[in-house]
Every structure is written in C-alpha cells, then in structure tokens.
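> Got a sequence here, can you model it:
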Amino acid sequence: MQLKLDPEQFEKYQEIFIKEITQTIMVKLVEAGLEGQQLEDATAGVAFSVASIIDDMSGIEFDGLEVNPYLTFRAKENEIVHCGENAYTYEFVMPVMKKLFNR
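Below is the predicted model:
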C-alpha cells in the first residue's frame, strides 16, 4: 500500500469518522435510557475520551509497552491517507455535538 500525505482529505475523513463515533455513542446511551442534558453531557464526555485515545493524547501503556496510535484512512484499494502528524479528531467533537443536539 502507498502512504499518501494529503492533509485536506485527511481532515474530511477525520470529521466523518468522529461524527460516526459520536452518533454511535449517542445511540447506545439513548438505548441505555439517557436523555436530555445527561445524554448530551455523557455523549460529549465519551466522544472526547475516545478522540483523545485516537489522537494519542491519553498516554497508553501496558506492562511497560507504550502504545502510540497514528490514524490513517484507506482512500483507495492501495492508498492510505495521513496528515503527517497525529490526528486531531477532538477538534471535531464540539461541531458534531452541536449538529447532533441542534445547538
């Protein structure tokens, strides 16, 4: 596979990716019985936590082994898109939340 540096396309993929994650979190919390402000707060909290893990901001370590995620997206059959640095999916959580909760 070919690794392609394309920050603009990567940003589009990130936004779609975190939107899907945030919507899925919200749906599962609704299924668990949350609603109103509690639903909104819990969705945002979980989405930010997941984004922090994806963006390599949470310091993952187990048994002395450090794990540093580096997000890429498969754009075509043999092409993987990256932005040249760590992901920044957390930046899309609030705009996605505003759309989901009509703010």
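> three-state assignment of Gly84?
coil (DSSP: H, G, I helix; E, B strand; the rest coil).
> how many neighbours does it have?
8 (other Cβ atoms under 10 Å). (Glycine included, C-beta is placed from N, CA and C.)
> Return the distance of it relative to Lys76.
Counting by Cβ to Cβ, to the nearest Å, the separation of Gly84 from Lys76 is 19 Å.
> before we move on, what about Glu15?
19 Å.
> Looking at those two, which has the bigger crowd around it?
Using other Cβ under 10 Å, the more surrounded residue of Glu15 and Lys76 is Glu15, with 15 against 10.
> any idea how far the more buried one is from Asn68?
22 Å.
> same question, Val50
In this view, Val50 and Asn68 are 16 Å apart by Cβ to Cβ.
> Show me which of these two is the more surrounded one.
Each of Val50 and Asn68 has its neighbours counted (other Cβ under 10 Å); Val50 has more, 19 against 9.
> Please identify the helix or strand for that one.
helix 36-54 (DSSP states H and E).
> chain center to the next helix or strand after that helix: distance?
Once the chain leaves helix 36-54, the next helix or strand it forms, by DSSP H and E, is strand 60-62. Centre-to-centre, strand 60-62 and its host chain are 19 Å apart (Cα atoms, centre = their mean, to the nearest Å).
> quick one: average pLDDT of strand 60-62?
Mean pLDDT, computed over strand 60-62, is 93.
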